[in-house]
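In: Structure of the sequence below:
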Amino acid sequence: MPKHLQREIEKLKRQILAIGAVVEESLHKAVRSLQVRDEKLAKRVIESDIEIDRIEVDMEEECLKVLALHQPVASDLRLIVAILKINNDLERIGDLAVNIAERAVFLSTQKPVDAPLDFAVMVEKTEEMLRKSLDALVDGDATLAHKVCLADDEVDAINREMHAQVQESIRLHPDQVESLLHLLSASRHLERVADHATNIAEDVIYMIEGHIVRHKEERFGSKSGAN
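Out: Numbers count the residues shown, from 1 in each chain. Predicted coordinates:
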């Protein structure tokens, strides 16, 4: 690899990791504002989305510039394509953090719901998936990336369980329908964050192994049975 291309690629890596750190922090603050009903914290998350949008556009422009100027091939090309896609997923996670924060703003004005809804496990698993997907990118660790993909099923199951709990709570407490629906919406947004973390992990696998792993049966079909 030419030295000037190597420098540009290292710069892209640093930039995408910096974006990842900003998005991780935004998501953490959003779910925290929901859990403790902190309206001020939620509004800071909403306001910070402008900055995430800006750096996402800057990152895309940098990737396109490197593609145009250096015309990379093979693994270098896969890396830049993966960074482009990861950049988009991170921006979407930032948007979902805003959506969660908006639910928190509303719920901060309402009395606590009479329902056994605990986001703690779902939040922990979702944040862990995002963190590990970025760790897999940093370390070039396809094994870790595969583990992130597997964890998505757990978050999906928790989301379904949350949906059932909300339905039952609406039946028991019809006066709290609006608050319960906002909690259900937050659960769905967390599930979508996990989906985007899975996308990032899949892009890392593509970057390292050179093949696309978009569908579950392609990812884990015969191999999962062999292990």
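In: Can you show me the helices along this protein?
Out: Counting by DSSP state H, the chain has helices at residues 3-36, 39-70, 74-107, 120-139, 142-172, 177-209, 216-226.
In: just so I know, which of those lies nearest residue 114?
Out: Minimum separation from residue 114 across those (CB to CB) falls at helix 142-172, 7.3 Å. Where you see a C-beta, it was placed from the backbone N, CA and C, and this is true even at glycine.
In: which helices and strands does that closest one pack with?
Out: Of the remaining helices and strands, those touching helix 142-172 by 3 or more CB pairs under 8 Å, 6 or more residues apart in numbering; DSSP states H and E are helix 120-139, helix 177-209, helix 216-226.
In: Specify the stretch among the ones you listed that is closest to residue 106.
Out: Residue 106 sits nearest to helix 177-209 of all those, at 5.4 Å, using CB to CB.
In: Looking at the helices and strands packed on helix 142-172, which one is packed in the most?
Out: Among these, ranked by average contacts under mean count of other CB atoms under 10 Å, first place goes to helix 177-209 (a mean of 22).
In: now the angle from that one to helix 120-139?
Out: If you take axes from the mean of the first three to the mean of the last three CA atoms, to 10 degrees, helix 177-209 sits at 20 degrees to helix 120-139.
In: Mind putting the helices and strands packed on helix 142-172 into JSON lines with distance to residue 13?
Out: Listed next are the helices and strands packed on helix 142-172 as JSON lines, based on distance: least, CB to CB, whole Å:
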{"stretch": "helix 120-139", "distance to residue 13": "8"}
{"stretch": "helix 177-209", "distance to residue 13": "11"}
{"stretch": "helix 216-226", "distance to residue 13": "24"}
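In: export the helices of the chain to JSON lines and tack on distance to residue 114 and mean pLDDT?
Out: Converted to JSON lines, those look like this (distance: least, CB to CB, whole Å; pLDDT from 0 to 100):
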{"stretch": "helix 3-36", "distance to residue 114": "17", "mean pLDDT": "93"}
{"stretch": "helix 39-70", "distance to residue 114": "21", "mean pLDDT": "95"}
{"stretch": "helix 74-107", "distance to residue 114": "14", "mean pLDDT": "95"}
{"stretch": "helix 120-139", "distance to residue 114": "18", "mean pLDDT": "93"}
{"stretch": "helix 142-172", "distance to residue 114": "7", "mean pLDDT": "92"}
{"stretch": "helix 177-209", "distance to residue 114": "10", "mean pLDDT": "94"}
{"stretch": "helix 216-226", "distance to residue 114": "37", "mean pLDDT": "43"}
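In: Make sure residue 200 is actually in contact with residue 135.
Out: No. Assessed by CB atoms under 8 Å, residue 200 is found out of contact with residue 135, at 10.6 Å.
In: and for those two, which residues touch both?
Out: Here residue 200 and residue 135 have no joint contacts, going by CB atoms under 8 Å, 6 or more residues apart in numbering.
In: Which residues does stretch 38-58 contact?
Out: Applying CB under 8 Å, 6+ apart, the external contacts of stretch 38-58 come out as 15, 18-19, 22-23, 26, 29-30, 32-34, 87-88, 90-91, 94-95, 97-98, 100-102, 104-105, 108-109.
In: In PyMOL, select just the buried ones from the residues you listed.
Out: Selection of the buried residues among the contacts of stretch 38-58 in PyMOL, burial being defined by 16 or more other CB atoms under 10 Å:
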select buried, resi 15+19+22+23+26+29+30+32+33+34+87+88+90+91+94+95+97+98+100+101+102+104+105+108
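In: picking that back up, dump the helices of the chain into TSV; add distance to residue 113 as well.
Out: Shown next, in TSV, are the helices of the chain (distance: least, CB to CB, whole Å):
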stretch	distance to residue 113
helix 3-36	12
helix 39-70	17
helix 74-107	8
helix 120-139	16
helix 142-172	7
helix 177-209	5
helix 216-226	34
